[in-house]
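K.L.:
Here is my input, please return the structure:
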Amino acid sequence: MTTRPIGDRRVSAIGLGAMPMSVAGHMADEDQSIRTLLAALDAGVTLIDTADAYTPSHDDVGHNERLVAKALAQWRGDAGSVLVATKGGHTRTPGGGWSKDGRPSYLKQACDRSLKALGVDSIGLYQHHRPDPEVPYEETMGALRDLHDAGKIRMAGISNAGPEQIRIAHDILGERLVSVQNEYSPRFRSSEPEIDLCAELGLAFLPWSPLGGIGRTGELSERHAAFSEIAKERGVSPHQICLAWELARSPVVIPIPGASRPETILDSLAAVDLELSAEELARLG
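P.N.:
Numbers count the residues shown, from 1 in each chain. Model prediction:
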């Protein structure tokens, strides 16, 4: 499979976002989730994105991380060839809500919990999940620097960050910072400046919800007609056209579509070999 760089690693040009396997209201049963993860690994996926907050409830933090670890333990391939990226700093609250905690003490606690859930001594890529307006961003980035220097994480990333925050993180973390994970899709294109800044700084850009988000993938056909039209002309799914469009946006882009069924991720991975023409890209905007 075609690869792209994240720091000193090269990973599959399309990764797997494991969130739909664990979030209440969308999660699949464990056996189906494991089959999906194994299908992705067998197909050549070497980047799996998870988070401690991907869980059906606030009292089961780390649910998705444990699921990923279980699949890797069952896989017959080389688990060391897979970069597992997880996140901390976005918290779950009773009733299914979400909150933020960017305190260095909390992020270090969350990292230790993720190490245990994943069953590893060092996390391949650890990302700060979402800025906390109550905590100076510099302090949170300092915690990532400390975690890296302590050997608990091999590479650092940030998520849901604007250009100013990316530059702050880059100044504090230097070469430790390798990636930015922001929302980006046909329905959400406002991360264009962050993509360009990542290209300037040599950082990977990992679009989350690259197909529009859980429960919104049908909008590709309903609200973005060109994707559906070109898909029909090519004889492929609109999802493949969407991911190929994102891959064409910049060589630093590595989409991480979510999936809870093997056939879904296998369809998405076919986009790696789909090259869109300049005319098609112009139609997609």
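K.L.:
going forward, measure contacts and count neighbours with C-alpha atoms only.
P.N.:
Noted.
K.L.:
just checking, what's the longest helix in this structure?
P.N.:
For the chain, the longest helix by residue count, based on DSSP state H, is helix 104-118.
K.L.:
Can you find the helix or strand of the chain with the lowest average pLDDT?
P.N.:
Least confident element among the helices and strands of the chain, by mean pLDDT, DSSP states H and E: helix 219-222 (a mean of 67).
K.L.:
got a list of contacts for the following helix or strand past that one?
P.N.:
Per DSSP states H and E, the first helix or strand lying C-terminal to helix 219-222 is helix 225-234. Residues from elsewhere that reach helix 225-234 (C-alpha atoms under 8 Å, 6 or more residues apart in numbering): 220, 221, 237, 238, 240, 241, 242, 280, 283, 284.
K.L.:
quick one: helix 225-234 to chain centroid distance?
P.N.:
26 Å (C-alpha atoms, centre = their mean, to the nearest Å).
K.L.:
Show me how far the next helix or strand after it is from its chain's centre.
P.N.:
Later in the chain than helix 225-234, the nearest helix or strand by DSSP H and E is helix 238-249. Centroid separation for helix 238-249 versus its chain: 16 Å, with C-alpha atoms, centre = their mean.
K.L.:
Heading C-terminal from helix 238-249, find the next helix or strand.
P.N.:
Past helix 238-249, the next helix or strand by DSSP H and E is helix 262-269.
K.L.:
and that next one, what's its mean pLDDT?
P.N.:
Helix 262-269 carries an average pLDDT of 96.
K.L.:
what do you get for stretch 56-73?
P.N.:
93.
K.L.:
How about that stretch, which residues are buried there?
P.N.:
Within stretch 56-73, the residues that qualify as buried are 56-58, 61-72, counting by 16 or more other C-alpha atoms under 10 Å.
K.L.:
go on, stretch 115-125?
P.N.:
Here stretch 115-125 shows 115, 117, 118, 122, 123, 124, 125 as buried, counting by 16+ other C-alpha under 10 Å.
K.L.:
mind checking the SS state of the residue nearest to residue 42 when sequence neighbours are not counted?
P.N.:
Spatially, and ignoring its direct neighbours in sequence, residue 42 is nearest to residue 77 (7.8 Å; C-alpha to C-alpha, 6 or more residues apart in numbering). State at residue 77, reduced to three classes by DSSP: H, G, I helix; E, B strand; the rest coil: coil.
K.L.:
And the strands in this structure?
P.N.:
Counting by DSSP state E, the chain has strands at residues 3-6, 9-12, 16-17, 47-49, 83-88, 90-93, 97-100, 123-128, 153-159, 177-181, 204-205.
K.L.:
elements contacting the fourth one?
P.N.:
Right, strand 47-49. In this structure, strand 47-49 packs against strand 16-17, strand 83-88, with contacts taken as 3 or more C-alpha pairs under 8 Å, 6 or more residues apart in numbering; DSSP states H and E.
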